[in-house]
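> For reference, the sequence and a predicted model appear below.
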Amino acid sequence: MVYLTKKYAQDVCYLELNRPEKKNALDKEMIGQLTEFLEKTANNSQFRILVIQGKDRFFSSGADLQWMKEAANQPEEKNMKEAEMFNRLYRSLYHYPKPVISCVEGGAYGGAIGLMACSDIAITTPDATFAFSETRLGLIPATVAPWVINKTGTAFARWAFLTATKFSGKEAMSNNLVQHLFSQDQIIPKTREIANSMAQNSPEATKETKILLNRIHSKIVPIDEDLLTYCSTKIAGARASKEGQEGVNAFFERRKPAWNK
């Protein structure tokens, strides 16, 4: 199954997450396809700007909970390997040598917000909704945490991670997660306008500027292998834990989890 669709226009690639029946949820197949696309196109000259968006005008509901549920029946080694898939995806996106724009319609949840945090520019609407709902499901926002904190700082991350509260596009922008807000009827044309304008810049200078920015920021907030491995271990453990399984099962069974009765 192909979960990505691609369109090219004026040196811009529009990459669409295409699992609308699952609200474009990220499972291992989609994550693998996204990572492969990023790695294969990093140094080609087919386009200069990458725009990521979701099918049917909704960005993504985050990690596929059915995939999370299956973790309990997997060997520990496989569970850990799958958890590390998010690390590879986020790292590939963050270090992608071309500018990346996330065009976020409708909203984004959990791991999907990691795509926004690893993009250079995130664009959404004032009334789009966002949430890190992991703690309500007995899970941990582990693999997404370094990238979100890198983008927003710890104060916002503490509030968003620990409360699991929904927040709006306007709140996302006020906390640096989002850089532009446009109305529902303007977000697509404005995103195209921004992407086309950026495509006029020097490709080599743009690439070197991204390398410069990432190197400077890595000295301030280092995201190294030890941290990423720690984060993978935390989410792998949470996926297979008693509370993690209870939370996910409760979600599918449309009931309150045991700790919330």
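On my side now, so go ahead.
> contacts and neighbour counts: CA atoms only from here.
OK.
> Could you double-check that residue 151 lies in contact with residue 117?
Yes - under the criterion of Cα atoms under 8 Å, residue 151 makes contact with residue 117 at 5.9 Å.
> burial of residue 9, as a residue count?
Using other Cα atoms under 10 Å, residue 9 has 10 other residues around it.
> that older thread, so what sits against both of residue 151 and residue 117?
Here residue 151 and residue 117 have residue 177 as joint contacts, going by Cα atoms under 8 Å, 6 or more residues apart in numbering.
> So between these two, which is more surrounded?
residue 117 (27 against 22).
> so which strand or helix has that one?
Using DSSP states H and E, residue 117 sits within helix 111-118.
> residues in contact with that helix?
26, 59-63, 90-91, 93-94, 102, 122, 130, 141, 143-144, 147-148, 150-151, 177-178.
> what's the answer for stretch 207-217, then?
95, 97-99.
> What ranges in the protein fall below the confidence cut-off?
The chain contains residues with pLDDT under 70 at 72, 219-221, 261.
> ok so, going back, any chance of JSON lines for the contacts of stretch 207-217, columns secondary structure and neighbour count?
Formatted as JSON lines, these follow (DSSP: H, G, I helix; E, B strand; the rest coil; neighbours: other Cα atoms under 10 Å):
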{"residue": "95", "secondary structure": "coil", "neighbour count": "18"}
{"residue": "97", "secondary structure": "coil", "neighbour count": "22"}
{"residue": "98", "secondary structure": "coil", "neighbour count": "26"}
{"residue": "99", "secondary structure": "coil", "neighbour count": "23"}
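> Can you show me the helices along the stretch 51-200 of the chain?
With helices called from DSSP state H, counting those that start in this stretch, the stretch 51-200 of the chain shows them at 65-70, 76-94, 111-118, 145-152, 154-163, 169-174, 187-198.
> Return the most buried member of those helices.
Most buried of those by mean neighbour count (mean count of other Cα atoms under 10 Å) is helix 111-118; its value is a mean of 26.
> if we can go back for a sec, considering the contacts of stretch 207-217, which is situated nearest to residue 81?
For these, the closest approach to residue 81 (Cα to Cα) belongs to residue 95, at 21.1 Å.
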